[in-house]
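A.B. asks: what's the 3D shape of this:
(one chain, ligands or ions: 2)
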Amino acid sequence: MTEGWPLTNGAIVVKRVFIKTWGCQMNEHDAERMAGLVAPMGYILTATPEDADLILLNTCSIRDKAEQKVYSDLGRLNAVKAARPEVVIGVAGCVAQQEGRALLQRSPAVDLVFGSKGIEHLPALLTEALTTRRPVVYTEDPIGLAPTLPADRRERVRAWVSIMEGCENACSFCVVPATRGRERSRLSQEIYDEIASLCASGCREVTLLGQNVNSYGRTSSEGVDFAALLDLIHPIEGLARIRYTTSHPNAMTPRLMETLARLPKVCRHVHLPMQAGSDRTLERMRRDYTFSEYLARVGELRRRLPNVALTTDVIVGFPGETDADFRETLAALEMIEFDNIYAFKYSKRPNTAALVLEDHVPEPEKDRRLQAALAIQRPITRRKNDAFQGRVEEILVEGPSKTDRSRLMGRTSSNLVVNFDGPPTLIGRLVQVGVIQVKANSLDGSLDA
Ligand code: 5AD
Ligand code: SF4
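C.D. replies: Ligands and ions are numbered 1, 2, ... in the order given. I've put the predicted structure just below:
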């Protein structure tokens with residue numbers, strides 16, 4: 001990253017940018033891209049808004065709760081702006097895309113609004129805000145391919161690489177097609193070059209990001225699909241592991257499963273959102289599959305990829321979900337035995353088809369269903385994790401352990417965190433670690449076991 005902005009008289013002006021991010025890995029990576037975009041303008045990252053010249057709120061609107069957090073932060077930033085009127089405050093991400101100009105009414109402190117679809121325009125928009133000192137709003141729809149953008153990454157061993165933006169599906173609960181727009185893939189060669197350059201400077205694992213990674217290429221004329229992309233990047237020197245998220249059940253084709261099974265660098269973990277176990281609910285969610293079709297995909301995945309870890313997303317309390325429908329979701333969890341689940345209470349979102357549905361499930365009932373789903377899953381996850389006891393697993397060493405900096409941490413191919421003792425020289429290496437203890441959210445391992 002640039003350390004400052006050299007002026008013609010040789011002086012260096014350092015400006016600071018503070019970025020706060022809510023939401024998914026796409027948003028986290030967008031924060032790295034925003035930092036990468038403003039670095040040539042002289043901005044270096046700072047950890048506190050108080051000393052920042054530029055404050056960016058990188059927002060999420062997947063559920064109402066995430067959106068409300070942004071508004072309370074904006075309230076607090078009014079005080080920062082009152083004390084230092086020269087600071088530039090920007091709202092980016094999905095709430096910015098969704099609300100646009102309305103954000104200026106909500107908070108007089110806001111100078112810049114640009115949505116998830118317009119990140120690449122940040123330098124130009126910031127320059128405009130700085131020169132005109134008037135609020136700038138950008139929520140245009142992008143055209144063409146997804147761009148290749150610089151990124152200022154915090155980690156060396158692992159990296160997020162965006163392969164596509166947006167979503168071409170129309171799940172009735174989901175705000176993403178509105179906030180991130182139509183599906184746009186990046187050119188495969190640009191993805192290859194980015195990963196090759198990351199690996200040349202020490203990266204060993206990439207996570208390919210997109211709302212529907214396994215439909216990569218479907219809207220571009222290149223003729224390279226997700227399976228072909230995996231084959232293309234697999235030989236990159238230095239690259240040890242490939243992860244990807246999120247996959248859609250309908251795009252999990254036999255050809256892709258064959259590729260996932262054949263390529264040794266592809267991790268044995270698939271996140272495959274199920275959303276519900278009831279056909280009635282799936283239909284009203286517009287998921288375009290029945291539960292038995294989903295189940296067949298899971299069976300095929302497990303047959304082709306032995307030991308694959310499967311995780312999923314589930315929404316409880318979708319409008320019209322009866323107790324009997326919900327019991328089908330619980331039965332699905334018991335039948336499939338996912339390694340882990342992310343369960344959410346349905347939240348009404350603007351610009352979504354489900355808004356017009358009736359029979360909303362009361363909040364206390366949604367709470368009850370959420371707890372019921374988690375209670376079914378808890379012992380299953382525990383049992384799956386317990387099975388690691390005594391096994392020797394290949395771990396990619398990421399760095400110091402989060403809980404004890406004198407130890408190391410890495411992940412199994414199935415994405416479980418393992419903490420163990422070892423020298424820092426192992427960081428970035430694949431090592432064999434014996435699992436000696438299974439904890440609630442991680443494993444304890446030993447190089448000698
Ligand atoms: N309410 C609750 N959960 C939602 N998700 C998406 N939209 C909503 C909503 N309106 C969940 C889905 C998705 C995950 C990222 O968030 O389960 O897979
Ligand atoms: Fe939302 Fe459905 Fe697209 Fe996933 S596939 S981002 S849930 S619309």
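
A.B. asks: contacts, neighbours, all on C-alpha from now
C.D. replies: Will do.

A.B. asks: which residue does the stretch 251-400 of the chain bring closest to ligand 2?
C.D. replies: Closest to ligand 2 within the stretch 251-400 of the chain is Arg287: 7.0 Å, counting by CA to the nearest ligand atom.

A.B. asks: which residues touch that residue?
C.D. replies: For Arg287, the contacting residues are 170-171, by CA atoms under 8 Å, 6 or more residues apart in numbering.

A.B. asks: before we move on, what about the one 3 residues further on?
C.D. replies: For Thr290, the contacting residues are 278-279, 282-283, by CA under 8 Å, 6+ apart.

A.B. asks: Which residues does stretch 76-88 contact?
C.D. replies: By CA under 8 Å, 6+ apart, stretch 76-88 touches 50, 52-55, 107-112, 129-130.

A.B. asks: quick one: which of those residues is nearest ligand 2?
C.D. replies: Taking CA to the nearest ligand atom as the measure, ligand 2 lies nearest Leu112 of the contacts of stretch 76-88, at 25.7 Å.

A.B. asks: quick one: pLDDT of the closest one?
C.D. replies: If you check Leu112, the pLDDT there is 97.

A.B. asks: Could you do Glu3 as well?
C.D. replies: pLDDT, Glu3: 38.

A.B. asks: With the one 3 residues further on instead?
C.D. replies: At Pro6 the predicted local distance difference test score is 46.

A.B. asks: buried stuff in stretch 129-137?
C.D. replies: 129-130, 135-137 (16 or more other CA atoms under 10 Å).

A.B. asks: ok, which of the contacts of Thr290 also contact ligand 1?
C.D. replies: Among those, no residue lies close to ligand 1 (CA under 6 Å from any ligand atom).

A.B. asks: Check the offset of stretch 115-126 from the chain's centre.
C.D. replies: 19 Å (CA atoms, centre = their mean, to the nearest Å).

A.B. asks: and if you look at stretch 131-150?
C.D. replies: 21 Å.

A.B. asks: got the contact list for that stretch?
C.D. replies: 33, 36-37, 96-97, 100-101, 104, 110-115, 117-118, 120, 125, 128-129, 164-165, 181, 184-187, 190, 220.

A.B. asks: ok, which residues in the stretch 51-200 of the chain are in contact with ligand 2?
C.D. replies: Going by CA under 6 Å from any ligand atom, the residues of the stretch 51-200 of the chain near ligand 2 are 167, 169-171, 174, 176-177.

A.B. asks: Kindly write the ChimeraX command that selects the buried subset of the residues you listed.
C.D. replies: Entered in ChimeraX, the line below selects the buried ones among these, by 16+ other CA under 10 Å:
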select :167,169,170,171,174,176,177
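
A.B. asks: what's the closest of the residues of the stretch 51-200 of the chain next to ligand 2 to Arg154?
C.D. replies: Nearest to Arg154 among these is Val176, at 26.0 Å by CA to CA.

A.B. asks: could you list every residue that touches the closest one?
C.D. replies: Val176 neighbours (CA under 8 Å, 6+ apart): 62, 94, 166-167.

A.B. asks: now that we have these, which one has the most neighbours?
C.D. replies: Among the contacts of Val176, Cys94 has the most neighbours (other CA atoms under 10 Å), with 27 neighbours.

A.B. asks: Restricted to helices, list the residues of the stretch 51-200 of the chain next to ligand 2.
C.D. replies: Under the assignment DSSP state H, those contribute 176-177 to helices.

A.B. asks: Using JSON lines, lay out the residues of the stretch 51-200 of the chain next to ligand 2 together with pLDDT and distance to ligand 1.
C.D. replies: Shown next, in JSON lines, are these (pLDDT from 0 to 100; distance: CA to the nearest ligand atom, whole Å):
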{"residue": "Cys167", "pLDDT": "94", "distance to ligand 1": "12"}
{"residue": "Asn169", "pLDDT": "93", "distance to ligand 1": "12"}
{"residue": "Ala170", "pLDDT": "93", "distance to ligand 1": "11"}
{"residue": "Cys171", "pLDDT": "97", "distance to ligand 1": "8"}
{"residue": "Cys174", "pLDDT": "97", "distance to ligand 1": "4"}
{"residue": "Val176", "pLDDT": "93", "distance to ligand 1": "8"}
{"residue": "Pro177", "pLDDT": "91", "distance to ligand 1": "11"}
